[in-house]
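Enquirer: Okay, predicted coordinates and the sequence, questions at the end:
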Amino acid sequence: MYMDAARTLRRAIIAGLLINAVAGTGLAARAADETARDVLERLQAKYNTAEDATITFTQTVKFTLTNTTQTLGGTLVMKKPNCTRFSNEQQTIVTDGTTVWSYSAPNKQVIIDSYRDDPHSFTPARFILGLPSDYYATLLGREKLHGTTVYVLKLVTKDNEASVRSLKMWVDPDEWVAWKIVITDVNETETTYQIKNAKFDTGVSESMFHFQAPKGATVVDLRKQR
């Protein structure tokens, strides 16, 4: 259960970090041929200017092993450097950069653990600083998405121990926003995020990144078991 929650959190973090822009500043770059590095650097530069983000999305997961699909609506709230709150109809995962709370609504269970910076997973700092060297990036071309011509990028990990094998994203060159992201993990499970709305620098409260167990929920504190 905890590993599933941690994996979901990593995906959530990835999704949030890729959706990293408000309106861009002109389209001069489109006059020249963009490279994958150009697009990634622009996304990264936009994220570097944002201190917090609130994102609503639709998450569709295709489980290769069971040949099933699950679609859920969700919200991701982030605040630099390491605060994240991910929630959908089934679970809520919150971290303040020190503690992680993982709540399963169907099981009515909260798992508490210490936040750890896993070098083989994604954290905000590692993603911002390490993406260009940790992934091979390819600009596949341009496609129409929601009536706009967007860049399509594919990123493949260089790290054999990484939990995420590849990413594919559709980047709007007008706003420098990735409105669609597809993540493929080591189990060939494919998770697609369709972004519905993204707001930045709204002054998200620190209280968003603390979690109180719902009444009647079972609490398992893994920190006490070490």
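Expert: Yep, that arrived. Residues are numbered from 1 along each chain as shown.
Enquirer: switch to C-alpha atoms for all contacts and neighbour counts from now on
Expert: Will do.
Enquirer: Can you list the low-confidence ranges for the protein?
Expert: For the chain, applying pLDDT under 70 flags the ranges 1-33, 118-133, 226.
Enquirer: Next one: Ser114 from Thr84, what distance?
Expert: 14 Å (Cα to Cα, to the nearest Å).
Enquirer: what's the helix or strand for the nearest residue to Val77 once chain neighbours are set aside?
Expert: Spatial nearest neighbour of Val77, excluding adjacent residues (Cα to Cα, 6 or more residues apart in numbering): Thr54 at 4.5 Å. Assigned by DSSP states H and E, Thr54 belongs to strand 52-63.
Enquirer: which parts of that strand are buried?
Expert: Asp52, Ala53, Thr54, Ile55, Thr56, Phe57, Thr58, Gln59, Thr60, Val61, Lys62 (16 or more other Cα atoms under 10 Å).
Enquirer: After that strand, which helix or strand is next?
Expert: For strand 52-63, the succeeding helix or strand toward the C-terminus, using DSSP H and E, is strand 68-79.
Enquirer: what's next to that following strand, contact-wise?
Expert: Contacts to strand 68-79, defined as Cα atoms under 8 Å, 6 or more residues apart in numbering, come from residues 12, 16, 51-63, 84-89, 204.
Enquirer: Likewise for stretch 144-152?
Expert: So stretch 144-152 is in contact with Leu139, Leu140, Gly141, Arg142, Glu143, Lys168, Met169, Trp170, Val171, Asp172, Pro173, going by Cα under 8 Å, 6+ apart.
Enquirer: mind exporting that stretch as PDB, just the C-alpha atoms?
Expert: Extracted C-alpha coordinates of stretch 144-152, given in PDB (Å, rounded to 0.1, in the frame of the first residue of the first chain):
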ATOM      1  CA  LYS A 144      -2.800  19.800 -32.700                       C
ATOM      2  CA  LEU A 145      -4.100  19.700 -29.200                       C
ATOM      3  CA  HIS A 146      -7.300  21.500 -28.200                       C
ATOM      4  CA  GLY A 147      -7.000  23.600 -31.400                       C
ATOM      5  CA  THR A 148      -3.400  24.700 -30.800                       C
ATOM      6  CA  THR A 149      -0.300  23.500 -32.500                       C
ATOM      7  CA  VAL A 150       2.000  22.100 -29.700                       C
ATOM      8  CA  TYR A 151       5.400  20.500 -29.500                       C
ATOM      9  CA  VAL A 152       5.600  16.800 -28.700                       C
END
